[in-house]
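Chemist: Starting from these lines, generate the structure:
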Amino acid sequence: MPATSTQGRAYSAAHFVLELDGNNVVGVIRSVDGGGVKSEIMTYQMGSNFDQWRQIGKPKYEDLKVEFGMSMSNSFYDWIKDFFGGVVNRKNGAILAGDFHYQERARREFQQALISEITFPKLDGSDKNPCHMTATLVPETLRFARGTSRNLETAIGRMTQKLWTSANFHFQLDGFEAACRRVTKIDSFTIKQQIHEYHAGNQRDPLRVPGILEFPNIVFYVPEVDAEPFITHYTKHGIEGTAQVPARHSGSITCIDNSGADLCTVTIKGVDIASVAPEKQDATSEDIKLVKIELAVESMAFSYSSGATG
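Modeler: Numbers count the residues shown, from 1 in each chain. Modelled structure (predicted):
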């Protein structure tokens, strides 16, 4: 049946698409938040006059927070890879809103955007629900535009959705291979980069300049029967202060799909054990007793399996 929606008719939120570098559609996003524009209100009062005058100041553009799965194009994941590596890569693009019939109805176009945060979801061996990453994009400018009424289904139809569930992952840490065989869950973590504003001359919009890249600690859980190597290592190097040779470890978190194919891998380097803490003990609980291990991480790298996208 032909689409009956028109540009002037109200529509419900149905499909959101991310576009980068012109008309290059890089995939469907699950949700988008932010992306508004606001101006500060400056108030003036002169002398003993009680009247006040107000003037709109420079515009400020809100960050765009997009949630996505494993159906994006390789070019988008390359952008994430550059972010992990500290490579400054600015992108122009747009968030396209489509109605139920995939007809493009509205656009939010952004320019010179940088990634400021990547949030990796919680992984849990007992959770079969789908996973989604979240990226925060910081644009220098943002504009609202009418949709082009083109059909978005044609542009996104070539992309194959690979189901990424919370239970499908593999964690590996050098020197602790046997102890990591039964890692039950990994807490969510966020990689952040400070984005500074630089105001130059009479330019109305400030420049966005990247700052320090901050890597978080990694927290994972193992059964208590597998925790002895971690406890021994932390007792020797964390409590007694014995120097490590070699100094640090490395490892990886690999997410896989239901067929067993790799989807993406986060490699962690310069790793040391920062904390070993047993979970709450309850005599009435029938759950397996777990130990929480916290790792201090110096750097991370992201890689994406090109075979995951059709």
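Chemist: Give me the buried positions along the top helix by length along the chain.
Modeler: For the chain, the helix reaching the highest residue count under DSSP state H is reported as helix 74-84. Buried residues in helix 74-84, counting neighbours by 16 or more other Cβ atoms under 10 Å, are found at F76, Y77, W79, I80, K81, F83, F84. For every residue, glycine as well, the C-beta is placed using N, CA and C.
Chemist: Got the phi and psi for the closest residue to A200 other than its chain neighbours?
Modeler: Among residues not flanking A200 along the chain, L207 sits closest, at 6.5 Å (Cβ to Cβ, 6 or more residues apart in numbering). Note on L207: its backbone torsions stand at phi -80, psi 150 [degrees, to the nearest 10].
Chemist: burial count for T43?
Modeler: T43 has 8 neighbours, counted by other Cβ atoms under 10 Å.
Chemist: Mind pulling up the pLDDT for T6?
Modeler: T6 carries a pLDDT value of 54.
Chemist: same deal with S303?
Modeler: At S303, pLDDT is 94.
Chemist: can I assume K91 is in contact with V138?
Modeler: No. K91 is not in contact with V138 according to Cβ atoms under 8 Å; the separation is 10.9 Å.
Chemist: SS state for V225?
Modeler: helix (DSSP: H, G, I helix; E, B strand; the rest coil).
Chemist: Tell me, how many residues neighbour it?
Modeler: 11.
Chemist: Tell me the spacing between it and R181.
Modeler: Separation of V225 from R181 (Cβ to Cβ, to the nearest Å) stands at 11 Å.
Chemist: quick one, what contacts the residue nearest to F302 when sequence neighbours are not counted?
Modeler: In this structure, F302 finds its nearest non-sequential neighbour in F84, 4.2 Å apart by Cβ to Cβ, 6+ apart. By Cβ atoms under 8 Å, 6 or more residues apart in numbering, the residues touching F84 are I118, I191, V266, M300, A301, F302.
Chemist: Now the buried members of these.
Modeler: Going by neighbour count (16+ other Cβ under 10 Å), the contacts of F84 have I118, I191, V266, M300, F302 buried.
Chemist: neighbouring strands for the helix or strand containing the last one, and are they parallel or not?
Modeler: Using DSSP states H and E, F302 sits in strand 299-304. Each strand pairing with strand 299-304, determined using DSSP bridges, is listed with its direction: strand 262-278 (antiparallel).
Chemist: From the chain's centroid, how far away is the strand it pairs with?
Modeler: 17 Å (Cα atoms, centre = their mean, to the nearest Å).
Chemist: Could you list the buried residues of stretch 115-123?
Modeler: I115, S116, E117, I118, T119, F120, P121, L123.
Chemist: Dig out what the fifth one forms beta bridges with.
Modeler: With DSSP bridges applied, the residues forming beta bridges to T119 are T134, T190.
Chemist: That one reaches T134, doesn't it?
Modeler: Yes. Look at T119 against T134 with Cβ under 8 Å: they come within range, at 4.1 Å.
Chemist: now Y304: how far from S75?
Modeler: Counting by Cβ to Cβ, the gap from Y304 to S75 is 11 Å.
Chemist: Check A167 too.
Modeler: Relative to S75, A167 is positioned 29 Å away (criterion: Cβ to Cβ).
Chemist: same deal with A243?
Modeler: With distances taken as Cβ to Cβ, A243 is found 44 Å from S75.
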